[in-house]
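Asks: Just a sequence and a predicted model for now, questions to come.
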Amino acid sequence: MESLQQTTVVTLVLATCLASAAFAETKKEYRFTVGPNANVSVDTQYGAISVKPGSGNQVIVTATLKSDKVEVDQRQNGNRVEVASHLLQGADQQTGQVDYEVLIPPDATLNLRSSTGPLTAERLQGDLSLEGTDAVVNVRDVTSGHVHVRTMRGPITLTDVRNGHVELASISGDVHLKSVTGPLVQASSGSGKIFYDGDFGSGGDYKFTTHTGDIEALVPANVSADFSAHSVLGRVQHDFPLQQPQHSRFSVEAGRSFFGTVGKAASEVVLRSFSGKIRLKQR
Amino acid sequence: MTCSDVERVLPELLDGAPDGEFQTAFETHVKSCPACSDLVSDLKVIASEARQLAATEEPAPRVWVRIAAELRAEGLIREPESAPKSAPTRPILVPTSPRRRWSAWWLAPVAAALLAAGSYVVSHKPAPQVAKQQAPGTPAASPAPAPPAVAQTPAVAPASVPNPAPQQLAQKSATPTAIVGLTAAPAAEPEPSEEDQQFLSVVSTRAPSMRATYESQLQAVNADIREAQAYLDRNPGDADARQHLMDAYQQKALLYQIALDRIQ
């Protein structure tokens, strides 16, 4: 009886060890030396990608592989670095997951792609292109770089992004913009909401478009912009005394549209929705 | 000459650059091949319709900025390499996934065709000088039109749509009436288009775990297209509604593009 118990315990321990070994995480590190304005691309079907600025002229990629059913392919062609996950036979969303932590020179151009995400990029100055299916996308503290984000359902959040072109598109994900300014800021979502918290800077063109999602802009009293808003089927409202020009091709339809100037019209803000609500709120 | 040869030379011949022996082989094949014959006739209709699009006023400079940003994002333009050292250079923003194989190549022209169809709808009916009409009472109650069959049409028309590679123009196309039919408002129940069904079939094969997600998103964007189209049919002069219809097509193209990036 005692020997049977011992045998059972040993068997259980052995099975646990084998299972652990089969699904043991593996960490791999890759280092690349690059010149100015490098181009870094990271692509994974499943997994998170987090990118921060590093020091010097190195790209350092730390990949955490969740199982042996996925490999990491990496190569460098001159100033271009490409890292991608490669699913093997039998891999699924759990076993095929690879999480990446990446350090890049701040001026590098970055391309990230993941179905599940999340995708995070912060404190960078180069151009960013992020694409996810369900991935949550977070971009923070980016100056001068162009930011392009596309998701299917993943929510997009940009915080402290300045002086670059921003183009965000999601089919049903929400878009949150906090302190985002630049010469061109465009955000569109089919059914997701767009929320902007900021002052629309100076000299920029801002356009937010949804089909059914609501649009809300929370701005300070000293904002300076030309505003025009129209919802084909939804309601619009604003908290500002808008000065309307004497001659304009834009006609106001009470409750469905408004337009006018606040301050010196430093920027242009266009808010459009097919059936969502549009609100311009004063902080 | 084979069908793939026809696909390769078709754009040149449509541009009117015939070569005697070339032209003969081309015409001989087209006469004997129903698929290529349909393709050629459809493309000729699209090309002739495109020529009839009225010129518009020069758009504001910011429009070109946006177009440039869009093309740059798609990797179709790049900064000149001979820029002076004093000028700040911007790195090329080009997707660099090494494993992108265009085995689902037909998705690209379908996405471009959706944009072309939307552009055609937006520009074919110029808005009146006086804006705004009253919003209808219950537009949602109207029967939704069928999903646009123009998605089957290869992308040839508006210049704002990236031109697909010649071989990509060779996908099977719908009849020319598909474009005209876009402006009509049939009252029949919407059925998934052939392209949508094929799209979901490919997703089921190559990324089965994503099928439910793509299908639900596809239904949502198709519903948006139908809704916008139905409203526009009742209010043909509403420029904003027309733009929303165009945006809905762009959303569908975005869905196809995201899938194309993932399906390998």
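Replies: Structure's in. What do you need?

Asks: all helices of chain A, in order?
Replies: A:2-22 (DSSP state H).

Asks: in the stretch 1-150 of chain A, which segments are predicted with low confidence?
Replies: Residues of the stretch 1-150 of chain A meeting the criterion pLDDT under 70: A:1-2, A:8-23.

Asks: Residue A:182 reaches residue A:167, doesn't it?
Replies: No: look at residue A:182 against residue A:167 with Cβ atoms under 8 Å: they stay out of range, at 10.2 Å. For glycine as for every other residue, the C-beta is placed from the backbone atoms N, C-alpha and C.

Asks: Nearest residue to residue A:204 in space, ignoring adjacent ones along the chain?
Replies: residue A:267 (4.5 Å; Cβ to Cβ, 6 or more residues apart in numbering or on different chains).

Asks: swap in residue A:189?
Replies: In space, residue A:189 is closest to residue A:170, 4.6 Å off (Cβ to Cβ, 6+ apart).

Asks: give me every residue that touches that neighbour.
Replies: By Cβ atoms under 8 Å, 6 or more residues apart in numbering or on different chains, residue A:170 lies in contact with A:149, A:150, A:151, A:152, A:153, A:154, A:155, A:156, A:188, A:189, A:190, A:192.

Asks: again, only this time at 10 Å
Replies: A:132, A:137, A:149-156, A:187-192, A:194, A:210, A:213, B:251, B:254, B:258 (Cβ atoms under 10 Å, 6 or more residues apart in numbering or on different chains).

Asks: And residue B:204, by the same measure?
Replies: By Cβ under 10 Å, 6+ apart, the contact set of residue B:204 is B:210, B:211, B:212, B:214, B:215.

Asks: Any stretches of the stretch 151-283 of chain A with poor pLDDT?
Replies: Scanning the stretch 151-283 of chain A for pLDDT under 70 picks out A:247-251.

Asks: mind redoing it with 90?
Replies: For the stretch 151-283 of chain A, applying pLDDT under 90 flags the ranges A:243-255, A:264-265.

Asks: Over to the stretch 151-264 of chain B?
Replies: In the prediction, the stretch 151-264 of chain B carries residues with pLDDT under 90 at positions B:151-195, B:197-213, B:239, B:257, B:259-264.

Asks: which residues in it form helices?
Replies: Assigned helices in the stretch 151-264 of chain B, in chain order: B:177-182, B:194-206, B:211-234, B:239-262 (criterion: DSSP state H, counting those that start in this stretch).

Asks: Quick one: closest of those to residue A:121.
Replies: helix B:239-262 (18.2 Å; Cβ to Cβ).

Asks: And stretch A:197-206, what's buried?
Replies: Using 16 or more other Cβ atoms under 10 Å in any protein chain shown as the test for burial, stretch A:197-206 gives A:197, A:198, A:199, A:200, A:201, A:204, A:205, A:206.

Asks: now do stretch B:23-31
Replies: By 16+ other Cβ under 10 Å, the buried positions in stretch B:23-31 come out as B:26, B:29, B:30.

Asks: Compile those residues into CSV and extend it with columns for pLDDT.
Replies: Below are the buried residues of stretch B:23-31 laid out as CSV (pLDDT from 0 to 100):
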residue, pLDDT
B:26, 82
B:29, 84
B:30, 82
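
Asks: if you look at these, which of them are in helices?
Replies: B:26, B:29, B:30.

Asks: Any chance of the residues you listed in CSV with distance to chain A as columns?
Replies: CSV is the format used below for those (distance: Cβ to the nearest Cβ, whole Å):
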residue, distance to chain A
B:26, 39
B:29, 40
B:30, 39
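
Asks: for the residues you listed, which one is nearest residue B:224?
Replies: Using Cβ to Cβ, these come closest to residue B:224 at residue B:30, 38.2 Å.

Asks: and that closest one, what does it touch?
Replies: B:1, B:3, B:6, B:10, B:13, B:36, B:37, B:38, B:39, B:40, B:41.

Asks: Which among those residues count as buried?
Replies: Buried positions within the contacts of residue B:30, assessed by neighbour count (16+ other Cβ under 10 Å), are B:1, B:6, B:10, B:13, B:36, B:38, B:39, B:40.

Asks: which residues in the stretch 51-200 of chain A form strands?
Replies: Using DSSP state E, counting those that start in this stretch, the strands found in the stretch 51-200 of chain A span residues A:58-65, A:70-77, A:80-87, A:98-104, A:109-114, A:119-124, A:128-132, A:137-143, A:147-151, A:156-162, A:165-170, A:175-181, A:184-189, A:194-197.

Asks: Reformat those as JSON lines; add distance to residue A:271.
Replies: Formatted as JSON lines, these follow (distance: least, Cβ to Cβ, whole Å):
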{"stretch": "strand A:58-65", "distance to residue A:271": "39"}
{"stretch": "strand A:70-77", "distance to residue A:271": "43"}
{"stretch": "strand A:80-87", "distance to residue A:271": "38"}
{"stretch": "strand A:98-104", "distance to residue A:271": "35"}
{"stretch": "strand A:109-114", "distance to residue A:271": "29"}
{"stretch": "strand A:119-124", "distance to residue A:271": "27"}
{"stretch": "strand A:128-132", "distance to residue A:271": "24"}
{"stretch": "strand A:137-143", "distance to residue A:271": "22"}
{"stretch": "strand A:147-151", "distance to residue A:271": "19"}
{"stretch": "strand A:156-162", "distance to residue A:271": "17"}
{"stretch": "strand A:165-170", "distance to residue A:271": "15"}
{"stretch": "strand A:175-181", "distance to residue A:271": "13"}
{"stretch": "strand A:184-189", "distance to residue A:271": "10"}
{"stretch": "strand A:194-197", "distance to residue A:271": "9"}
